[in-house]
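*Asks:* Starting from these lines, generate the structure:
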Amino acid sequence: MRIIAGKYGSRHLKSPGKLRLRPTSDRLRETLFDILGDSVEGSLFVDAYAGTGAVGLEALSRGARRVIFVEIARNAVGLIRKNLAALDAARDAEILHGDVARGLARLETRGERADFLFLDPPYEDAEEYQRIFEQLGHASPLAPQGLLIVEHRSTLPLPDSLGKLECVRRVRQGDATLSFYRLMPGE
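*Replies:* Numbering: from 1, shown residues only. Next up, the predicted model:
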């Protein structure tokens, strides 16, 4: 597992080892950031269900001003800390250790507005997708022009709209799909 491009490009990340994590593949991360392009520069990027932190670290490498990682697993939080330290990037990051729904509610309460909110719940947990979508459909810490990106198994159909959010693009790569949502006009 490595950083694809940017100031940390080609740097290797600590892998999950025996941890039960499914990191976003290098290829899918490359596709994601090719789509996002220069818009990542100067952004606030939230990596929820962060696991190893690879997606958020890629955002930092590509110029995000700040990344907030949200992760419940203590061992994964330790892995994110190690990867941030290895890149000397901790000053530009914050880790919220705990349930993703509570972490996103905390960001909402603090008035944080993410330019990018990346969600990667466990593929096999369809109920978790439903739970977080219900929350985001009513309140989300997304900036007015922000983008919600959801990684999911290609066989898991996601709705075309989530309350105030509408799907604007889907990109399939093997057994994974990225679904992109924006706030509906006037919201």
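
*Asks:* Helix or strand: which one has residue 147?
*Replies:* Under the criterion of DSSP states H and E, residue 147 resides in strand 142-153.

*Asks:* Adjacent strands (with direction) for that strand?
*Replies:* If you go by DSSP bridges, strand 142-153 pairs up with strand 114-119 (parallel), strand 176-183 (antiparallel).

*Asks:* okay, those strands in CSV with mean pLDDT, distance to residue 1 and mean neighbour count next?
*Replies:* In short, each C-beta sits where N, CA and C put it, glycine included. What follows is the strands paired with strand 142-153, written out as CSV (pLDDT from 0 to 100; distance: least, Cβ to Cβ, whole Å; neighbours: other Cβ atoms under 10 Å):
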stretch, mean pLDDT, distance to residue 1, mean neighbour count
strand 114-119, 96, 16, 24
strand 176-183, 93, 15, 20
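
*Asks:* For residue 155, find the nearest of those strands.
*Replies:* If you check each of those against residue 155 by Cβ to Cβ, strand 176-183 wins as the nearest, at 8.9 Å.

*Asks:* Now that closest one - C-alpha only, PDB.
*Replies:* In PDB, the C-alpha atoms belonging to strand 176-183 read as follows (Å, rounded to 0.1, in the frame of the first residue of the first chain):
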ATOM      1  CA  ALA A 176     -16.100  -1.700  -6.100                       C
ATOM      2  CA  THR A 177     -18.200   1.400  -7.000                       C
ATOM      3  CA  LEU A 178     -17.700   5.000  -6.100                       C
ATOM      4  CA  SER A 179     -21.000   6.900  -5.800                       C
ATOM      5  CA  PHE A 180     -20.800  10.700  -5.800                       C
ATOM      6  CA  TYR A 181     -23.500  12.900  -4.100                       C
ATOM      7  CA  ARG A 182     -24.000  16.700  -4.100                       C
ATOM      8  CA  LEU A 183     -26.500  18.800  -2.200                       C
END
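
*Asks:* now that strand: how far from the chain's centre is it?
*Replies:* Distance, stretch centre to chain centre, for strand 176-183: 11 Å (Cα atoms, centre = their mean, to the nearest Å).

*Asks:* ok, now stretch 46-58?
*Replies:* Distance, stretch centre to chain centre, for stretch 46-58: 5 Å (Cα atoms, centre = their mean).
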